[in-house]
Structure formats: structure tokens, C-alpha cells
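>>> mind folding the following:
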Amino acid sequence: MTDVTLEQAIENASAYKQIGTEEVFLWNAPYPWEYADEIKSGGTRHHEMTIWVTAVHPCGLRFLWSVGLETPDAFGKGHVEVDVATIAATRLSLGDTDVRIQYEEYLNECADAIEKRALIDQDHINRELNAVVLIREGVRSKE
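Here you go, the predicted model:
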């Protein structure tokens, strides 16, 4: 699919439907937030936090776009770097809707998963630090 704007897709909705295309991916804003009907996890590989938003527009097309909830340079770092501004803006864009509730549930699931991983990492760190203490005590005990 080509890089099409929301406005272009709406203007050409009948042509899209004639060729059997009823779902259009939007690469860039503006997005039809007011018609959002579903939020799905877009992936959590290597802690990456992304959502997919879908919206059924009155023109008959279903729009789909993704929102990255981490800073642009976070990928591959092995730890989470949340983009607080994007998280807040997305919540505001969803308004007071059931989809916002889905979004908040997703965020809570992410927080739970990150916390679980952090506790595992913390346990590993504590064991490593304990090993450091034992090694240093062993070095000092030569006296």
C-alpha cells in the first residue's frame, strides 16, 4: 500500500471499496481518533511498546495506524524508555471512550510485565553484587 493520507483515503473511499480494499494503513497524522474502535498490542519484543489503533470511518473504510510508546531511540537498548508525552497525548486523543479503557488496560499490562522483568533483573543484580562482596572478602582474608 502506498503512503496515503487520511484525507486522500476518504476522498477515494469508493475507489478503494471497488477494488476490495476496505482497510487502509495510515503512516502519518492526522489520524481519525474520534472513530477509534480498538487498541491492540503492536509488540513487546525487547520491551518495545507499540499499539495498533483501528477506526471505522463513516466513509466505509477501516483505518489502521501504529503508535510507538517509547522514545524513538529506545529500540534495542534492552530496557524501556517510555515516551511520556506520547502516552499522555494518545490517552487524550482517545477521549472518554471504551477504547481509552482498553488503552489504559494495555498500559497496566505493560507496567506489570516490565515490573516482573525488573524484579528478575534485580534478583540477578543482587546475586552478582553478593558475589562481588564474597570475592573481596576472600581477597582480604589472605592476611
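
>>> could you use CA atoms for every contact and neighbour count after this?
Fine.

>>> and the helices in the chain?
6-11, 13-18, 84-94, 98-140 (DSSP state H).

>>> take those and lay them out in JSON lines including mean neighbour count, distance to E70 and mean pLDDT.
Below are these laid out as JSON lines (neighbours: other C-alpha atoms under 10 Å; distance: least, C-alpha to C-alpha, whole Å; pLDDT from 0 to 100):
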{"stretch": "helix 6-11", "mean neighbour count": "15", "distance to E70": "24", "mean pLDDT": "96"}
{"stretch": "helix 13-18", "mean neighbour count": "14", "distance to E70": "33", "mean pLDDT": "95"}
{"stretch": "helix 84-94", "mean neighbour count": "14", "distance to E70": "8", "mean pLDDT": "96"}
{"stretch": "helix 98-140", "mean neighbour count": "13", "distance to E70": "12", "mean pLDDT": "92"}
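
>>> let me have the ones you listed in TSV, adding distance to L69 as columns.
Listed next are the helices of the chain as TSV, based on distance: least, C-alpha to C-alpha, whole Å:
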stretch	distance to L69
helix 6-11	22
helix 13-18	30
helix 84-94	6
helix 98-140	10
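
>>> how far does stretch 135-143 sit from its chain's centre?
48 Å (C-alpha atoms, centre = their mean, to the nearest Å).

>>> relative to A55, which of the helices of the chain is closest?
Of all those, it is helix 98-140 that lies closest to A55, at 10.3 Å by C-alpha to C-alpha.

>>> between that closest one and helix 84-94, how many degrees?
160 degrees (axes from the mean of the first three to the mean of the last three C-alpha atoms, to 10 degrees).

>>> for Y35, find the nearest of the helices of the chain.
With C-alpha to C-alpha as the criterion, Y35 lies closest to helix 84-94 of those, at 9.0 Å.

>>> ok, residues contacting that closest one?
With contacts defined as C-alpha atoms under 8 Å, 6 or more residues apart in numbering, helix 84-94 is touched by 33-34, 36, 68-70, 100, 103-104.
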